[in-house]
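Novice: Sequence first, then the predicted structure, then my questions.
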Amino acid sequence: MASKSKEWGRLPGYLLATLILSTVVLGKSPVEKSHSLSLVTMVPLLELERKLIDNLVNHAKALEEKLQTVRSQIPLMRSENEKGKLDAISYLSNPLNSFSLIRRLHQDWFQWRKFMEQPVGVSQMRNIDTWLEELPTKMDLWEACTGVVRIQRTYNLDLSDFIKGKINGKQYNSSMSCGDIFAVGHHLAKENRSAEAVQWLQEIPNRLQEEFLVVPKHLTVEEVEVLKLLAETHLKEEHYTKALVLLDNGLKIKPQDSTFLRLRRKTKNLLKKQPVPIPEKTKKKEVPVRDIYKLSCGGMIKKPSKLHCFYNFTTTAFLRLAPLKTEQIGLNPYVVLYHEVLSAREISMLINKAARNMKIATTYTVYPTKKNRGRTAKAYWFNKENNKLTRRITRRIQDMTGFDLTDSEELQVINYGIGGHYLTHSDYFNFASGNYTRKQTRQGAALGDRIATVLFYLTDVEQGGATVFVNVGYSIYPRAGTAIFWYNLNSDGNGDPLTKHAACPVIVGSKWVMTEWIRERRQIFIRPCLPSSKGTSPKS
Ligand SMILES: O=C(O)CCC(=O)C(=O)O
Ligand SMILES: [Fe+2]
């Protein structure tokens, strides 16, 4: 959290002077598929699951009806049959009884056979078929697994606690089932991340027995499947003795299973070739990645001190009436946090409009290949001049920055998905650097580079989701209504590598932000290029 020790006097905040709000006309356009990249686009999935449950209820009703018919008829049939049990001839001597027996056996039991044959649930099955399109895809599951793993890895969360829903010391009312854990373990094994796969998969066996009591057979993970995958991943990790134990356990359940038999032979051979086994503990490969991104997101990098808060009265004339509550985050690079720059109403209007139109957020430098997303979020672009709300926000950005926004980019509203993040990047292009090869460069270059960024936070995030400046250790935690501002370019016009930043994975919460990237060309007289000077505050 931005330092709490910094305080303001009693002057009114910026929002007190903002103008009366106008309504935004909400448009509708199809929402792009791919669920797990934005929590908001997952909301319909909850609805869908509700429909599926109702459908299952109808199936249960149909089953109950059928069962009820059978149950109600059995006593009647049995009592008729038992009438002839003591003295069969006497019973059959009554023609009504003997006739009825013949007829029943000739006709009724064929009807019962037909009745048994009739499937229950055909219409419910058809319903499911019509909803298949809306169900999450393999890719969605892949992304969700990646997100969960990212959260656990980035923050070094204790895996067993995490599975039980205890996150950073807080117990949530949720936990992972064996099916959930197996899906993540399987995903990691497929991705050749066997050390991590082992960690996840070995959490399953102890939990399975308990789960067998409550989860129906067709939904539980089969013990043999877990043993097989765990043995395979141990083998990849060269944990031969562990693999052998698992394979033997598997063979106790399925003695003829060809995979178990083959893997066992292979393991035995490998063990023979390794006469002096290296103690498995000493060759442990799983070393936490100590990259700067992880350290920053985990809050392990020292923050700068000796900063203060102040009221900005000067960037534009309007600020004399409505100064901005400004908190310095750092001086080199210069980053400030503005408090109370968006109202709750404005935020909800922005989110409502964006939520209906989200598209996968791409980056200029990283193409969104299916399995390599440096950015896992969905976005919506607002035309700055489109309506009163966006025009008002644009004026506010002018007040915050002193810049001319005429040619600057549209406002981009972003929502992050499961473990959603944005890896370390810089917002500037450095068009002139020669490394820049994108097609749109010519048009983009005409507007100039991204001289500065304003990043609005539209929501608080319960855990995770900080914006971190990885080279200088600034961490800014999202708080609804605040915004950070920084210059991407040094005064000589070159990109400032100290502004490299990342969005840490969201752990718990739905993170919404809005960015405004300000282009350079229009600022030629506002912030002229100078040979070299850094760390100056907005035009004052
Ligand atoms: O969401 C964040 O915290 C940062 C977003 C960002 O850096 C970007 O959109 O360029
Ligand atoms: Fe950025």
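Specialist: Nice, thanks for sending it over. All of these numbers come straight from a predicted model, not from anything done at the bench. Ligands and ions are numbered 1, 2, ... in the order given.
Novice: any idea how the protein splits into domains?
Specialist: According to automatic domain parsing, the chain comprises the domains 14-30+301-523, 39-75, 138-273.
Novice: and the first one, anywhere near ligand 1?
Specialist: Spelled out, it's domain 14-30+301-523. Yes. Residues of domain 14-30+301-523 contacting ligand 1 under C-beta under 6 Å from any ligand atom: 422, 427, 455, 467, 501, 503, 513, 515. Every residue, glycine included, has its C-beta placed from N, CA and C.
Novice: The helix or strand hosting the last one pairs with which strands, parallel or anti?
Specialist: Using DSSP states H and E, the secondary-structure element containing T515 is strand 512-519. According to DSSP bridges, strand 512-519 has the following sheet partners: strand 411-416 (antiparallel), strand 450-457 (antiparallel).
Novice: re the thing from before, JSON lines please, covering the residues of domain 14-30+301-523 next to ligand 1 and showing pLDDT and neighbour count.
Specialist: Below are those laid out as JSON lines (pLDDT from 0 to 100; neighbours: other C-beta atoms under 10 Å):
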{"residue": "Y422", "pLDDT": "92", "neighbour count": "22"}
{"residue": "D427", "pLDDT": "92", "neighbour count": "21"}
{"residue": "L455", "pLDDT": "97", "neighbour count": "24"}
{"residue": "T467", "pLDDT": "96", "neighbour count": "23"}
{"residue": "H501", "pLDDT": "94", "neighbour count": "27"}
{"residue": "A503", "pLDDT": "95", "neighbour count": "26"}
{"residue": "V513", "pLDDT": "97", "neighbour count": "24"}
{"residue": "T515", "pLDDT": "96", "neighbour count": "18"}
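Novice: Of those, which is the nearest to L213?
Specialist: Nearest to L213 among those is A503, at 41.6 Å by C-beta to C-beta.
Novice: So that closest one sits against N415, correct?
Specialist: No. Counting by C-beta atoms under 8 Å, A503 sits too far from N415 to count as a contact (11.7 Å).
Novice: got any ranges where this protein has weak pLDDT?
Specialist: By pLDDT under 70, the weakly predicted segments of the chain are 1-33, 275-290, 301-306, 362-373, 432-445, 525, 527-540.
Novice: The residue nearest in space to the middle of it: what secondary structure?
Specialist: Centroid-nearest residue in the chain, with C-alpha atoms, centre = their mean: I418, separated by 0.9 Å. Secondary structure, DSSP: H, G, I helix; E, B strand; the rest coil: I418 is coil.
Novice: Same question for the one 5 residues further on.
Specialist: Under the three-state scheme (three-state DSSP), the conformation of L423 reads as strand.
Novice: which one is it nearest to, not counting chain neighbours?
Specialist: G374 (4.2 Å; C-beta to C-beta, 6 or more residues apart in numbering).
Novice: And for the one you found, the neighbour number?
Specialist: 17 (other C-beta atoms under 10 Å).
Novice: so it sits right up against H425, yeah?
Specialist: Yes. The pair formed by G374 and H425 meets the contact definition of C-beta under 8 Å, at 7.1 Å.
Novice: Nearest to ligand 1 within the stretch 101-250 of the chain, name that residue for me.
Specialist: Closest residue of the stretch 101-250 of the chain to ligand 1, C-beta to the nearest ligand atom: T154 (13.9 Å).
Novice: what number of residues lie near that residue?
Specialist: Counted by other C-beta under 10 Å, the residues lying close to T154 total 23.
Novice: What are the boundaries of the helices in the stretch 201-350 of the chain?
Specialist: For the stretch 201-350 of the chain, the helices defined by DSSP state H, counting those that start in this stretch occupy 205-214, 223-236, 240-253, 258-273, 292-297, 344-355.
Novice: Just send those back as JSON lines, with mean neighbour count too.
Specialist: Below are those laid out as JSON lines (neighbours: other C-beta atoms under 10 Å):
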{"stretch": "helix 205-214", "mean neighbour count": "12"}
{"stretch": "helix 223-236", "mean neighbour count": "21"}
{"stretch": "helix 240-253", "mean neighbour count": "19"}
{"stretch": "helix 258-273", "mean neighbour count": "14"}
{"stretch": "helix 292-297", "mean neighbour count": "20"}
{"stretch": "helix 344-355", "mean neighbour count": "18"}
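Novice: a markdown table for those, including distance to N81?
Specialist: Converted to a markdown table, those look like this (distance: least, C-beta to C-beta, whole Å):
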| stretch | distance to N81 |
| --- | --- |
| helix 205-214 | 39 |
| helix 223-236 | 44 |
| helix 240-253 | 43 |
| helix 258-273 | 50 |
| helix 292-297 | 74 |
| helix 344-355 | 65 |
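Novice: Of all the ones you listed, which one comes closest to E191?
Specialist: E191 lies closest to helix 223-236 among the helices of the stretch 201-350 of the chain, at 11.3 Å (C-beta to C-beta).
Novice: helices or strands up against that closest one?
Specialist: Using 3 or more C-beta pairs under 8 Å, 6 or more residues apart in numbering; DSSP states H and E, the elements in contact with helix 223-236 are helix 178-190, helix 194-201, helix 205-214, helix 240-253, helix 258-273.
Novice: need these in a markdown table with distance to V221, can you?
Specialist: Listed next are the helices and strands packed on helix 223-236 as a markdown table, based on distance: least, C-beta to C-beta, whole Å:
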| stretch | distance to V221 |
| --- | --- |
| helix 178-190 | 5 |
| helix 194-201 | 10 |
| helix 205-214 | 7 |
| helix 240-253 | 13 |
| helix 258-273 | 16 |
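Novice: For E385, find the nearest of those.
Specialist: Closest of the helices and strands packed on helix 223-236 to E385 is helix 178-190, at 44.4 Å (criterion: C-beta to C-beta).
Novice: and the angle for the closest one with helix 205-214?
Specialist: Put simply, helix 178-190 runs at 140 degrees to helix 205-214, going by axes from the mean of the first three to the mean of the last three C-alpha atoms, to 10 degrees.
Novice: which non-adjacent residue is nearest H186?
Specialist: In space, and not counting its chain neighbours, H186 is closest to L229: 6.5 Å by C-beta to C-beta, 6+ apart.
Novice: residues contacting that neighbour?
Specialist: Counting by C-beta atoms under 8 Å, 6 or more residues apart in numbering, L229 touches 182, 185-186, 189, 197, 201.
Novice: circling back: which non-adjacent residue is nearest the residue nearest to the centre of the chain?
Specialist: Nearest non-adjacent residue to I418, counting by C-beta to C-beta, 6+ apart: G147, 3.5 Å away.
Novice: And for the one you found, the neighbour number?
Specialist: Other residues within reach of G147, judged by other C-beta under 10 Å, total 21.
Novice: what about it, which helix or strand?
Specialist: In the assignment (DSSP H and E), G147 maps to helix 138-154.
Novice: Show me what counts as buried in that helix.
Specialist: By neighbour count with 16 or more other C-beta atoms under 10 Å, helix 138-154 contains the buried residues 140-154.
Novice: Just the CA trace of stretch 497-514, in PDB.
Specialist: Extracted in PDB, the C-alpha atoms of stretch 497-514 (Å, rounded to 0.1, in the frame of the first residue of the first chain):
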ATOM      1  CA  PRO A 497      14.500   1.800 -18.600                       C
ATOM      2  CA  LEU A 498      13.900   2.600 -14.900                       C
ATOM      3  CA  THR A 499      10.200   2.800 -15.800                       C
ATOM      4  CA  LYS A 500      10.000  -0.900 -16.500                       C
ATOM      5  CA  HIS A 501       7.000  -2.200 -14.700                       C
ATOM      6  CA  ALA A 502       4.700  -5.200 -14.300                       C
ATOM      7  CA  ALA A 503       1.300  -6.100 -13.000                       C
ATOM      8  CA  CYS A 504       1.700  -8.800 -10.400                       C
ATOM      9  CA  PRO A 505      -0.700 -11.700 -10.500                       C
ATOM     10  CA  VAL A 506      -4.000 -11.100  -8.900                       C
ATOM     11  CA  ILE A 507      -4.500 -13.600  -6.000                       C
ATOM     12  CA  VAL A 508      -7.900 -12.700  -4.700                       C
ATOM     13  CA  GLY A 509     -10.100 -10.000  -6.200                       C
ATOM     14  CA  SER A 510     -11.200  -8.700  -9.500                       C
ATOM     15  CA  LYS A 511      -8.700  -6.100 -10.800                       C
ATOM     16  CA  TRP A 512      -9.900  -3.400 -13.100                       C
ATOM     17  CA  VAL A 513      -7.600  -0.600 -14.300                       C
ATOM     18  CA  MET A 514      -7.800   2.100 -17.000                       C
END
